[in-house]
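*Asks:* Kindly generate the corresponding structure for this input.
(one chain, ligands or ions: 1)
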Amino acid sequence: MKLIDSHCHLVDEKVAPIVDEVIGRAERVGVEKFITMAGGRAGWSKLIDLAQEYPEVFVAFGWHPEDITKEEDLIDMEGLIIKTPKCVAIGEVGLDFFYDREKETKEVQLLMLSKQIELAIKINKPLVIHVRNAEEEMLSIMDKYKSSFRAHFHCFGESQKLLDRVLSDNHMVSFGGNITFKSAQILREMIKTVPLSRLLLETDSPYLSPEPKRGTQNEPANLVHTAHFIARELKIEVEELTLETNKNTICFFGLEN
Ligand SMILES: [Zn+2]
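*Replies:* As a prediction, the model looks like this:
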């Protein structure tokens, strides 16, 4: 089985010191490509190093809603994206109003997301979008930009209403390891409404380890568990799921083989 982890955080401070082991463990179980991102300046140079060192690692630069900064920084980010051939997306970006402190940054979050969507359109790159507790705001941004941008809505956890819109606007979607949790019945219902041609696979590691690894630090090797689980839910063979989602990931992000 050859899997692609379409969303992981290999430069996270918990992962960076052991990244060689983490990539090695993943490759031994068949996870052969990785799209890794940093949502802020602190991680960007580490991403460039990683992309140079590992041919199987692709990267995305973005401003994450939890790491909001000044608009001027987007100019630096654009420069980095353009001079990094293995940069395949702008990400992760998005909206997150889960915590009270995040609600206070609502205006900045909306502005930064809009600016990054405009940049994505300008330089013709897809976006990787995180949305939590921000459904109505996301829908109004989607109304504003219509289908002028392409996005991967990762670790989907909002409602069916937003999922329907993501699909009708031709975006891609993936679910994190939490889809394997007993309490996540609603996610298991939602994934069944996603055509196979629009689905990607991800770990979002080091967060959200799937069963049976729940409670441990997540890593791309655990994608095997999520893939088997999703294939069972969709009542298809894991080989078919892998084949289709790999095709989607390669095509959507323009990964070189
Ligand atoms: Zn993430």
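*Asks:* which residue ranges form the strands in this protein?
*Replies:* Secondary structure of the chain by DSSP state E: the strands cover 3-8, 31-38, 57-61, 87-96, 127-132, 151-153, 172-173.
*Asks:* which stretch among these comes nearest I117?
*Replies:* Evaluated over the strands of the chain, closeness to I117 peaks at strand 127-132, with 6.5 Å, by Cβ to Cβ. The way it works is simple: take the backbone N, C-alpha and C, and place the C-beta from them, glycine included.
*Asks:* returning to what we had before: turn the strands of the chain into TSV, columns for mean neighbour count.
*Replies:* Converted to TSV, the strands of the chain look like this (neighbours: other Cβ atoms under 10 Å):
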stretch	mean neighbour count
strand 3-8	28
strand 31-38	25
strand 57-61	25
strand 87-96	26
strand 127-132	25
strand 151-153	27
strand 172-173	24
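*Asks:* List the buried residues for stretch 9-29?
*Replies:* H9, L10, V11, D12, V15, V19, V22, I23, A26, E27 (16 or more other Cβ atoms under 10 Å).
*Asks:* Quick one: name the residues of the stretch 101-250 of the chain near the ion.
*Replies:* D204 (Cβ under 5 Å from the ion).
*Asks:* Tell me how many other residues surround the residue in the stretch 101-250 of the chain that the ion sits nearest to.
*Replies:* At 4.7 Å from the ion, D204 is the closest residue in the stretch 101-250 of the chain, using Cβ to the ion. Residues near D204, counting by other Cβ atoms under 10 Å, number 23.
*Asks:* now the helices for this structure?
*Replies:* For the chain, the helices defined by DSSP state H occupy 19-28, 41-53, 73-83, 100-103, 106-123, 135-145, 160-168, 185-191, 223-234, 238-253.
*Asks:* Dump those into CSV; add distance to A60 as well.
*Replies:* Listed next are these as CSV, based on distance: least, Cβ to Cβ, whole Å:
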stretch, distance to A60
helix 19-28, 17
helix 41-53, 8
helix 73-83, 9
helix 100-103, 21
helix 106-123, 11
helix 135-145, 19
helix 160-168, 18
helix 185-191, 23
helix 223-234, 17
helix 238-253, 9
